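Q: sequence and predicted structure, then a few things I'm wondering about:
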Amino acid sequence: MRILLERVVLVPFEEFSDEYDHAMQIMEPVDEDDSPFLAVGLALGLDGIWTGDPHFYRQDLLSVFSNRDLIEMI
């Protein structure tokens, strides 16, 4: 857990605020608490998001990677 937390980077709201409303529109019907994560991915131009949360499969703006997907990649 320590190793993982050493690599976690907090993104200030100002860096993803431009995408927040768009992400909220997409995620609000599913789980609006997921909106910030989608907004960060969009704002940073990420290839996808690593999650076990099935709600993210109900959007098509970012690819979704599961633990299994990442294991297969390495």
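A: Looks like it came in fine. These figures come from a predicted structure and were not determined experimentally. Numbers count the residues shown, from 1 in each chain.

Q: could I get the buried residue list for the helix of greatest length in the chain?
A: In the chain, with assignment by DSSP state H, the single longest helix is helix 17-31. Burial within helix 17-31, assessed by neighbour count using 16 or more other Cβ atoms under 10 Å, is assigned to Glu19, Tyr20, Ala23, Ile26, Met27, Val30. Where C-beta positions appear, they are placed from N, C-alpha and C, glycine not excepted.

Q: mind putting those in a markdown table, pLDDT and distance to Gln59 included?
A: Formatted as a markdown table, the buried residues of helix 17-31 follow (pLDDT from 0 to 100; distance: Cβ to Cβ, whole Å):
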| residue | pLDDT | distance to Gln59 |
| --- | --- | --- |
| Glu19 | 97 | 13 |
| Tyr20 | 97 | 14 |
| Ala23 | 97 | 9 |
| Ile26 | 95 | 5 |
| Met27 | 96 | 7 |
| Val30 | 92 | 8 |
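
Q: so, low pLDDT: which residues of the chain?
A: Scanning the chain for pLDDT under 70 picks out nothing.

Q: give me the phi and psi for the residue in it sticking out farthest from the centre.
A: Residue farthest from the centre of the chain, counting by Cα atoms, centre = their mean, is Arg2 at 21.3 Å. With angles defined as degrees, to the nearest 10, Arg2 sits at phi -60, psi -50.

Q: do Gly41 as well
A: phi -60, psi -40.

Q: so how far is Val11 from it?
A: Separation of Gly41 from Val11 (Cβ to Cβ, to the nearest Å): 10 Å.

Q: just to revisit the earlier point, gap between the residue farthest from the centre of the chain and Thr51?
A: Counting by Cβ to Cβ, the gap from Arg2 to Thr51 is 21 Å.

Q: likewise for Val64?
A: 6 Å.

Q: pick out whichever of the two has more residues nearby.
A: Neighbour count, other Cβ atoms under 10 Å: between Val64 and Thr51, Val64 has more, with 19 against 16.

Q: you'd agree that one is in a strand?
A: Yes. Applying DSSP: H, G, I helix; E, B strand; the rest coil, one finds Val64 inside a strand.
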